[in-house]
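Engineer: Build the 3D model from these lines:
(chains A and B)
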Amino acid sequence: MTQMVEPSGPMPHRFSWARLGIYLVLGIAAFFFLIPLWVTLMTSFKTMAEIRFGNILAWPGHFTVAPWGKAWSSACTGLACTGIKIGFWNSVRILVPSVIISIFVGAITGYVIAFYKVPGARVGFSILLIGAFIPYQVFLYPLVRIFSSLGLYGTLPCIIIVHVMFGLPLMSLLFRNFYSALPIELFNAARVDGAGFVTIFRHVILPMSTPIIIVATILQVTGIWNDFILGLTFAGRDNWPMTVQLNNIVSSTTGEAAYNVNMAATILTAAVPLCVYLISGRWFVRGIAAGAVKG
Amino acid sequence: MGSINIKDIAIGFGEVKIFEHMSLDIAKGEFIVLLGPSGCGKSTLLNAIAGLLEVRAGQIWIDGKNVTWAEPKDRGIAMVFQSYSLYPRMVVEQNLSFGLRIAGLPKAEIAARVQKAAKLLQLEPLLHRRPAELSGGQRQRVAIGRALVRNVDVFLFDEPLSNLDAKLRNELRVEIKKLHQNLGNTMIYVTHDQVEALTLADRIAIMDKGVIQQLASPHDIYHNPANLFVAGFIGAPVMNFLDGKIVRENGSTHFIGDDGVSIDLGAAPLPARENQPVVLGLRPEHISLVASGGAGTVAGTVAIVEPLGAETILWTEIPGKTVSVRVDGESTIRAGQNLHLRFDPAHARIFDKASGDRLVATIA
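Structural biologist: Take a look at the predicted model:
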């Protein structure tokens, strides 16, 4: 074959139909997933009069933030008309201890499984992982019975314990995999230096765990915030999380459905996981990729 | 202080036996190198001495104390690892002092020890850097420093130089030897690099398949290998091996190669029964070039020339075999050239083909 141009320097990018196809599919997929968010956002800034007009894709003609205020502080959930803010603070009160405790317990479990030859650890860990694949629904009734007999059912500690429990398999797996990739020599060096179980964890292992702690936090914050069924079942009426409150607002059937308020409440509820993803996207990828850490 | 006695220990993981009936006595102040191919059990033995691995049977004594069940920190040992194993989130100074801080030593004492080690290893300008900000050689010096501050009599090195490039490896090798001369500690050093073993060791323990094949000085290991494994493992290029048998003719001993090579071993006594299958081993430097053929020489053709600077290796084809011949680096011999080789009978080593053991004449 004869070459018209002598190859030199960076290869020129050429048009290819395959590449065009890829971008086309990506574009359609992005459009498809953005449409609901667009509709939700637009509707939340419209007045009910405009919504009744029916053009759901249109930019708000008369821009208003009133639905947001109503959603936050005065929307009705059943009899009480206190908005979704109670649900927000309930979710925060459930989220913070659940995330901290589940990550801490997962880290310790992963550390033990990765570095200590505990008899039966492998079997125990396998059972834990199998447990993660059994549908939640199977656990609900037995757990309700157990917590009632302990007098904990329908309380804040109850829902926190439940979240820690259901988070344990994934958290342990995450930390175990991360710690297994650390050189065992590091652990041995600390042992020769005279460090024990707690010292090695606190001063050697934990300071190296930042990437995986960030990953675990992202997973747990989004997972627990988005939870509906566990909160509904175990938290008790006073502690119902935001997702449950949102459902109650949306499904209240007195008079005309306030779509704008419902949409605003939806975005308020989704805001926390949305922010987590937007802020941490890069960290999330980095954390997943940080399996191997060089000493 | 610092003698080590390994008494008949056994180690295994599950069904796999790494070694059994392993015994080794190391005198205080001795530099012992455990040398062998990967999987020979050398690192396992070191970890057992350190207390990082449990033994299934036997005892380990350090300094006259039975430490078989003792924690690593209570054994009076310090260890340097292959991957440096510095604590990544601590600066050099904290890395050095970590063990001392755990032990609860007074601050002044810790500072003094860290200063002393830093000075000895030229780490003073690096004390406030993180491991990630150090080069490989500096990291390994910190790792050695972490062993130094423990003020113990026994140092264990687990392939400390194998992650470094060739130049740094040579530098640090010299530093470790200097350190041993200055401190006089007992040192056990695991490596698969024979140059490290030959240059550093007072005695080398060559291991294969969980058994110490030979425990001797570097000189003896090189010149009087106990068996074919040792002879073939040490030396680069490896010793030349010729299969054949020993015969007695006209009052002198001859090696007759299976491919017709005949070497007159002189009046030396018979190391083996006549006609017993043996292997003759001869190092490349003990084969010399002679100007013309004649009695006791072998004709060959140079196949490959490897210039190594100070010396040149000629891979020379003789009947049935390619042998390596070490000649001066100035040699102008080219591939394809025909040569006459003389095998130095004084350095020929005879091994039993069946067992691999070296055969030594016992009858004068």
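
Engineer: show me where pLDDT drops low in chain B?
Structural biologist: In the predicted model of chain B, residues B:1, B:267-272, B:361-364 satisfy pLDDT under 70.

Engineer: any idea which helix is longest in it?
Structural biologist: helix B:166-183 (DSSP state H).

Engineer: who touches that helix?
Structural biologist: Here helix B:166-183 makes contact (C-beta atoms under 8 Å, 6 or more residues apart in numbering or on different chains) with B:31, B:120-121, B:135-137, B:140-141, B:144, B:157, B:160-162, B:164, B:187, B:189, B:193, B:196, B:199-200. The C-beta positions use only the backbone N, C-alpha and C, and glycine is treated the same way.

Engineer: just stretch A:93-108 next, same as before
Structural biologist: So stretch A:93-108 is contacted by A:156, A:159-160, A:163-164, A:167-168, A:170-172, A:174-175, A:201, A:206, A:209, A:213, A:216-217, A:220-221, A:224-225, A:231, A:235, A:239, A:241 (C-beta under 8 Å, 6+ apart).

Engineer: I'd like the mean pLDDT over that stretch, please.
Structural biologist: In this model, stretch A:93-108 carries a mean pLDDT of 96.

Engineer: so how far is chain A from the residue nearest the centre of chain B?
Structural biologist: Nearest residue to the geometric centre of chain B (C-alpha atoms, centre = their mean): residue B:197, 3.4 Å. Applying C-beta to the nearest C-beta, to the nearest Å, the value for residue B:197 to chain A is 21 Å.

Engineer: what ranges of chain A fall below the confidence cut-off?
Structural biologist: Judged by pLDDT under 70, the stretches of chain A that qualify are A:1-3, A:253-255, A:284-295.

Engineer: Residues of it that sit close to chain B?
Structural biologist: With C-beta under 8 Å from any C-beta of the partner chain as the criterion, chain A comes near chain B at residues A:183, A:185-186, A:188-195, A:199, A:203-204, A:207-208, A:293, A:295.

Engineer: Of the residues you listed, keep whichever come out buried.
Structural biologist: For those, a neighbour count by 16 or more other C-beta atoms under 10 Å in any protein chain shown gives the buried set as A:183, A:185-186, A:188-195, A:199, A:203-204, A:208, A:295.

Engineer: following the helix or strand encompassing residue A:24, which helix or strand comes up?
Structural biologist: Residue A:24 is located in helix A:17-44, with elements delineated by DSSP states H and E. Note on helix A:17-44: by DSSP H and E, the next helix or strand toward the C-terminus is helix A:48-53.

Engineer: who's in contact with that next one?
Structural biologist: Contacts with helix A:48-53, where a contact means C-beta under 8 Å, 6+ apart, come from A:43, A:60-62, A:256, A:258-260.

Engineer: So residue B:125 belongs to a helix, correct?
Structural biologist: Yes. Assigned with DSSP: H, G, I helix; E, B strand; the rest coil, residue B:125 falls within a helix.

Engineer: Report the separation between it and residue B:177.
Structural biologist: Per C-beta to C-beta, to the nearest Å, residue B:125 is found 24 Å from residue B:177.

Engineer: And for residue B:231?
Structural biologist: Taking C-beta to C-beta, one finds residue B:231 at 26 Å from residue B:177.

Engineer: The two: which has the busier surroundings?
Structural biologist: Per other C-beta atoms under 10 Å in any protein chain shown, whichever of residue B:231 and residue B:177 has more neighbours is residue B:231, with 25 against 16.

Engineer: Can you name the residues that contact the closest residue to residue B:98 other than its chain neighbours?
Structural biologist: The shortest distance from residue B:98 to any non-neighbouring residue, by C-beta to C-beta, 6 or more residues apart in numbering or on different chains, is to residue A:193 (5.4 Å). By C-beta under 8 Å, 6+ apart, the contact set of residue A:193 is B:73, B:98-99, B:102, B:146, B:150.

Engineer: ok, now with 7 Å
Structural biologist: Counting by C-beta atoms under 7 Å, 6 or more residues apart in numbering or on different chains, residue A:193 touches B:73, B:98-99, B:102.

Engineer: mind checking how far it is from residue B:85?
Structural biologist: Separation of residue A:193 from residue B:85 (C-beta to C-beta): 10 Å.

Engineer: now residue B:213
Structural biologist: According to C-beta to C-beta, residue B:213 stands 30 Å off from residue B:85.

Engineer: Show me how the record splits the chain into domains.
Structural biologist: With no chain named, the answer covers chain A. Under the assignment automatic domain parsing, the domains of chain A span A:18-64, A:85-289.

Engineer: hm, I was asking about chain B
Structural biologist: B:4-233, B:240-352.

Engineer: Residue B:213 and residue B:85: who's more crowded?
Structural biologist: A count of neighbours by other C-beta under 10 Å puts residue B:85 above the other of residue B:213 and residue B:85, at 26 against 21.

Engineer: Look at that one and give its secondary structure.
Structural biologist: Looking at residue B:85 with three-state DSSP, the answer is coil.

Engineer: Quick check: it vs chain A, distance?
Structural biologist: 4 Å.

Engineer: Many thanks, we can stop here.
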